[in-house]
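Undergrad: Sequence plus the predicted model coming up.
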Amino acid sequence: MNGHRIMVIDDENIVGKMIKAVLVKDGYIVETFLNAEPALARLQEEKFDLIITDLKMKNIDGMDVLRTVKSQSPEIKVIMITAFASLDAAIEAMRGKVDDFFPKPVKIKDLKKCISRLLGESP
Amino acid sequence: MKVVTKIIFANVFHIILMAAIFFFAHQNLNLVLAKLRFVEIADDLNASFLEIRLAEKNYFFYKDESAILTIEEKLNQNIRAIDSVSGDIVKAIGQKRYKHLRLSLRKYVEVIEETKSSKGRNEELEGRVREAGRELREFSSSVTHLERQEVNGIISRSTNVLFYSFCGILVLAIGLSHLILFNILKSLKKIEKVANSISEGNFYKVEAEVSGDELGSVLEAINSMSQELQNREEIILQSKKLESLGILTAGVAHELGNPLNNISMIAQAYAELYDGLSREDRIDYMEKVGEETERIKEIVKNLLDFAKPKKPNLKEADINKIIRKTLKLVQNMLHVCCIAIKLSLQDGLPKVFIDENNIEEVLVNLITNAVQAMSPKCELSIVTGLSEDNDYVVIEVEDKGKGISPDVLPYIFDPFFSTKGVDGTGLGLSVSYSIIKNHQGKMKVRSEVGVGTTFTIELPILRGKE
């Protein structure tokens, strides 16, 4: 249907799997990663339209991913998800020019709507 | 009495004493000066009397009649001289002797005048002249001699008095300053004791009577500070408890947040994809829900375990043996992470009463933390020994890792506080801490960023008692 490439980075295996299962059905091409290093390496090889990343991760966290991506390819949209739904985390993510922010538990319908909006698809 | 009053009192006392000594010395010196002045006059008089005696000799032996005139003239000169300094002479030898001298001179003059007016030589008169001359000369010599002796006496007396008063002042000065210092030092000792006890966290108060001086005021201030600190410590303890509770709650929320989110996402995906899912897929989804609920169950169980610490099953044990046994358990981890172990275990340490499994758990926790903090090829050091007071066996686990920053160091024993992100439950150190506490032991940490961290465990040596 649309063929947009989406990357999901979350150290919780199920998050990636479920998001991928739902989005693939809608025609997205989805790749999942359990941590940021291989994900950032993959970005050098392949162009992605949108990245969904967890905030709190080992070594490189979601904020590092956001900064790296926005400095290299600002056109890539970034959605942050986190179990830490604190105001501080949201403000910091906004400052890092995150495109949207989802606290856990994530509503998949809302996430899908957000992805469509960010990628400029007609609803 | 205040310290400042004591010091002023001591100084005033010294000044009065020195003034008295100065007055005494001044008086003595004046007397000596008067006596010396008289001795000077007496020397002149003696010389003059000697001349008179020579003139007498000329008159008697060489029949020189003019000698009488010389004698008369000399005598009158002497009388004038004595009269002109009568005040000084009286001061030196006293009124009585002065009068005696004056009388002797007068008598001599009278005899000479009689001799001058008599016609021809008269043996009886000549005898009186000789007698008066001799008497005058002897009296003058003896007075001069006496005065010289007195001057020597005064000088030696003054020397003695000055020496003894110097000794007296010295002894008094030392004694008084000791007395003042003794009180100050006594109060300072009390203050030191209170300050030390406060620094150890015991808000001890000096109950003894407080002196009314400045140090007493300091003691009172320290007492009230101690009281105030005790009140504040209770407040801080209360707020620390709340803070710990906050960390615990946030930790629980985070730990539970992930599996809950997973269940929620599985449920949403299941609903969304239901029609397209095969039977196996549906079963797989539900199994995943089951796994996540197991995860939640495990977290809750750990939390309950933490909240209800088990009473340790204490047995006599050799701590070095337990460390060697623990190292076997973590051998593989050390090998994989390329961490070398340096052991300095002191031989002949007293036995400790411990729950071996609990202490092994603590050691595994500490070694795992240390290994995770270090880069490969670093060295982990474990040292055992005795505490300074010989009441504890001490175990030190030291890593050369990245260290813990001072702002998080106070929280590392709090439950659910972790520096390891998703890799840590935040329970390892808090469980270890409570295990050591249950053993009546102590667990401490010191750390420097970039240098490393050292955990110290102290386990009590229970001599003959459980």
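TA: Received the coordinates, thanks.
Undergrad: Centre-most residue in chain A?
TA: The residue lying closest to the centre of chain A (Cα atoms, centre = their mean) is residue A:52, at 0.8 Å.
Undergrad: Could you confirm that residue falls within a strand?
TA: Yes. Assignment of residue A:52 by DSSP: H, G, I helix; E, B strand; the rest coil places it within a strand.
Undergrad: surely it meets residue A:19?
TA: Yes. Shown here, residue A:52 and residue A:19 form a contact pair, counting by Cβ atoms under 8 Å, at 6.4 Å. (C-beta placed from N, C-alpha, C; glycine too.)
Undergrad: okay, and the common contacts of the two?
TA: Between them, residue A:52 and residue A:19 share the neighbouring residues A:8, A:111, with contact defined by Cβ atoms under 8 Å, 6 or more residues apart in numbering or on different chains.
Undergrad: Tell me which helix or strand in chain A has the weakest average pLDDT.
TA: Of all the helices and strands that make up chain A, the one with the lowest confidence by mean pLDDT, DSSP states H and E is helix A:87-95; it has a mean of 71.
Undergrad: Next, the buried residues of whichever helix or strand comes after that one.
TA: Taking DSSP states H and E as the definition, the helix or strand that follows helix A:87-95 towards the C-terminus is strand A:100-103. Within strand A:100-103, the residues scored as buried using 16 or more other Cβ atoms under 10 Å in any protein chain shown are A:100-103.
Undergrad: cool, stretch B:189-203 as well?
TA: The neighbour-count check on stretch B:189-203 (16+ other Cβ under 10 Å) flags B:190-191, B:194, B:198, B:203 as buried.
Undergrad: for stretch B:346-365, same thing?
TA: By neighbour count, with 16+ other Cβ under 10 Å as the criterion, the buried positions of stretch B:346-365 are B:349, B:352-356, B:358-365.
Undergrad: For the chain, give me the ranges with low pLDDT.
TA: Because you didn't say which chain, this covers chain A. Counting by pLDDT under 70, chain A has low-confidence residues at A:1, A:84-89, A:122-123.
Undergrad: That was the other one, I meant chain B.
TA: Along chain B, the model assigns pLDDT under 70 to residues B:201, B:204, B:206-210, B:244, B:247-248, B:306-310, B:416, B:418-426, B:463-466.
Undergrad: 50 - rerun?
TA: Within chain B, the segments meeting pLDDT under 50 span B:465-466.
Undergrad: Residue numbers of it in contact with chain A?
TA: Within chain B, the positions adjacent to chain A are B:253-254, B:257-258, B:260-262, B:264-266, B:268-269, B:272-273, B:276, B:288, B:292, B:420-423 by Cβ under 8 Å from any Cβ of the partner chain.
Undergrad: Please type out the PyMOL selection for whichever of the residues you listed turn out to be buried.
TA: Isolation of the buried members of the residues of chain B next to chain A (16+ other Cβ under 10 Å) is achieved in PyMOL through the command below:
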select buried, chain B and resi 254+257+258+260+261+262+264+265+266+268+269+272+273+288+292+422
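Undergrad: Tell me the one among the buried residues of strand A:100-103 nearest to chain B.
TA: The shortest gap between chain B and any of the buried residues of strand A:100-103 belongs to residue A:103, at 9.1 Å (Cβ to the nearest Cβ).
Undergrad: Quick check: beta-bridge partners of the closest one?
TA: When bridges are taken as DSSP bridges, the partners of residue A:103 come out as residue A:82.
Undergrad: That one contacts residue A:93, doesn't it?
TA: No. Here residue A:103 does not reach residue A:93: they are 11.0 Å apart, not a contact under Cβ under 8 Å.
Undergrad: need the contact list for the residue nearest to the centre of chain A.
TA: Applying Cβ under 8 Å, 6+ apart, we find residue A:52 in contact with A:6-10, A:19, A:79, A:81, A:111.
Undergrad: quick one: which of the buried residues of stretch B:346-365 is nearest residue B:87?
TA: Ranking the buried residues of stretch B:346-365 by separation from residue B:87, with Cβ to Cβ as the measure, puts residue B:349 on top at 98.3 Å.
Undergrad: Tell me how many other residues crowd the closest residue to the closest one other than its chain neighbours.
TA: Counting by Cβ to Cβ, 6 or more residues apart in numbering or on different chains, the nearest residue to residue B:349 once its immediate chain neighbours are dropped is residue B:393, at 5.5 Å. In terms of burial, residue B:393 registers 24 neighbours under the definition other Cβ atoms under 10 Å in any protein chain shown.
Undergrad: Would you map the strands across chain B?
TA: In order along the chain, chain B carries the following strands (DSSP state E): B:315-317, B:340-345, B:352-354, B:379-386, B:392-399, B:442-448, B:452-460.
Undergrad: Using a markdown table, please lay out these together with distance to residue B:430.
TA: Converted to a markdown table, those look like this (distance: least, Cβ to Cβ, whole Å):
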| stretch | distance to residue B:430 |
| --- | --- |
| strand B:315-317 | 24 |
| strand B:340-345 | 25 |
| strand B:352-354 | 19 |
| strand B:379-386 | 22 |
| strand B:392-399 | 17 |
| strand B:442-448 | 10 |
| strand B:452-460 | 13 |
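Undergrad: And these: which comes nearest residue B:39?
TA: Proximity of the strands of chain B to residue B:39 was assessed by Cβ to Cβ; the nearest stretch is strand B:379-386, lying at 86.1 Å.
Undergrad: For the stretch 51-200 of chain B, which residue gets nearest to chain A?
TA: Scanning the stretch 51-200 of chain B for the residue nearest chain A gives residue B:199, at 36.6 Å (criterion: Cβ to the nearest Cβ).
Undergrad: coming back round to it: in helices, which of the buried residues of stretch B:189-203 appear?
TA: B:190-191, B:194, B:198 (DSSP state H).
Undergrad: what's near enough to touch the residue nearest to residue B:50 when sequence neighbours are not counted?
TA: In space, residue B:50 comes closest to residue B:137 once its chain neighbours are excluded; the distance is 7.5 Å by Cβ to Cβ, 6+ apart. Counting by Cβ under 8 Å, 6+ apart, residue B:137 touches B:46, B:49-50, B:53.
Undergrad: Out of the residues you listed, who's the most crowded?
TA: If you rank these by neighbour count (other Cβ under 10 Å), residue B:49 sits at the top with 24 neighbours.
Undergrad: In contact with that one, which residues?
TA: The neighbours of residue B:49, taking Cβ under 8 Å, 6+ apart as the test, are B:78, B:133, B:136-137, B:140.
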